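Colleague: A predicted structure for the sequence below; I have some questions about it.
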Amino acid sequence: MINLKLLNKSKNPTPEYKSEGAAGFDIASNVEVFVPPGGALLVSTGLYAIIPEGHEGQLRLRSSMWKKTGVMPNAPGTIDSDYRGEIKIPIRNAHAHSSMHIGEGERIAQMVIQEIPSVNIVEVSEEEFSTESTERGSKGFGSTGHN
């Protein structure tokens, strides 16, 4: 088990896992905001994390946010282990005609801590690259089927 160090400058309780099998812990808004129709905002959480080296924090909207037409434009968002700024949640209001209300203290996202392998990037020639061909090759997104 690893330790995640959190500085909580919000008025909200320190996040916690809500069940034994939970992959992530919920993060609440530190402010009341209205996201305009079709608009996007970074929502303050008042949380700052020291994520252990070799790990990342993955931000995802809570599944209940679909009821408010909220989407995360860059889901999942990544927080690197060397970032020390405030954790903010990007939210886009997918509704074209009405504002989306987010209340102070409302749980809007979750964070999953994930181990990241260390990768050595090795540049290769075009010839060497071609020897590593696959059946799919360079076919684009969705090229493996229609289902």
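Modeller: Structure received.
Colleague: Name the nearest residue to residue 14, ignoring sequence neighbours.
Modeller: Nearest in space to residue 14, with sequence neighbours left out and distances taken as C-beta to C-beta, 6 or more residues apart in numbering, is residue 8 at 5.0 Å. For glycine as for every other residue, the C-beta is placed from the backbone atoms N, C-alpha and C.
Colleague: OK, contacts around that neighbour?
Modeller: 14, 46, 47 (C-beta atoms under 8 Å, 6 or more residues apart in numbering).
Colleague: Put the buried members of those residues into a PyMOL selection.
Modeller: Here is the PyMOL selection string for the buried members of the contacts of residue 8, based on 16 or more other C-beta atoms under 10 Å:
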select buried, resi 46+47
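Colleague: So which of the contacts of residue 8 belong to strands?
Modeller: If you go by DSSP state E, the contacts of residue 8 have 46, 47 in strands.
Colleague: could I get the contacts of residue 8 as a markdown table with distance to residue 4?
Modeller: Output for the contacts of residue 8, formatted as a markdown table (distance: C-beta to C-beta, whole Å):
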| residue | distance to residue 4 |
| --- | --- |
| 14 | 11 |
| 46 | 16 |
| 47 | 11 |
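Colleague: Tabulate the contacts of residue 8 in a markdown table, adding columns for pLDDT and distance to residue 30.
Modeller: Formatted as a markdown table, the contacts of residue 8 follow (pLDDT from 0 to 100; distance: C-beta to C-beta, whole Å):
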| residue | pLDDT | distance to residue 30 |
| --- | --- | --- |
| 14 | 96 | 13 |
| 46 | 98 | 4 |
| 47 | 98 | 8 |
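Colleague: quick one: the helices in this structure?
Modeller: If you assign secondary structure with DSSP state H, the helices in the chain sit at 126-130.
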